[in-house]
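Okay, here's the prediction I keep looking at, along with the sequence it came from:
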Amino acid sequence: MIEALKDDTIINKLGGRFKLTALIQRRLVQLMHGSRPMVDDTGLTPMELVVREILEGKIKPKDVPQETDFDDEV
């Protein structure tokens, strides 16, 4: 398990568990669709990579746009 997630520091940094979870999920989707990592990803799982990006201040909730299913609607 990722040690940083055991501590409330990362949760408090973002303003709550829900915001943290949403940010992690959205960033994982971006990485899976080809976005480049913002930190050295050598030997890291995608989850560890996202947590490191958050801890280093590379991403914040406002930096990761929320995708919607309404893009195809007129």
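Received the coordinates, thanks. Numbers count the residues shown, from 1 in each chain.

ok, residue 5 touching residue 50?
No: contact between residue 5 and residue 50 fails when scored by Cβ atoms under 8 Å: they sit 10.7 Å apart. Yep, even glycine has a C-beta here, placed from its N, CA and C like the rest.

Neighbour count: the two, which is higher?
For the pair residue 5 and residue 50, the greater number of neighbours falls to residue 50 (26 against 16), based on other Cβ atoms under 10 Å.

out of everything not next to it in sequence, what's closest to the more buried one?
Once flanking residues are discounted, residue 50 sits nearest to residue 27: 4.7 Å by Cβ to Cβ, 6 or more residues apart in numbering.

Could you report the neighbour count for that neighbour?
24.

Average pLDDT for the strand or helix carrying it, rounded please.
In this assignment (DSSP states H and E), residue 27 forms part of helix 17-32. The average of the pLDDT scores along helix 17-32 is 92.

What is that helix packed up against?
The helices and strands touching helix 17-32, judged by 3 or more Cβ pairs under 8 Å, 6 or more residues apart in numbering; DSSP states H and E, are helix 9-14, helix 46-55.

what residue lies at the spatial centre of this protein?
Closest to where the C-alpha atoms of the chain average out (Cα atoms, centre = their mean) is residue 24, at 3.1 Å.

What sits closest to it if chain neighbours are left out?
Using Cβ to Cβ, 6+ apart and skipping residues adjacent in sequence, the residue nearest residue 24 is residue 50, 5.3 Å away.

Look at the one you found and report its pLDDT.
Per-residue confidence (pLDDT) for residue 50: 94.

and it, what is it in contact with?
Going by Cβ atoms under 8 Å, 6 or more residues apart in numbering, residue 50 touches 23-24, 27-28, 31, 59.
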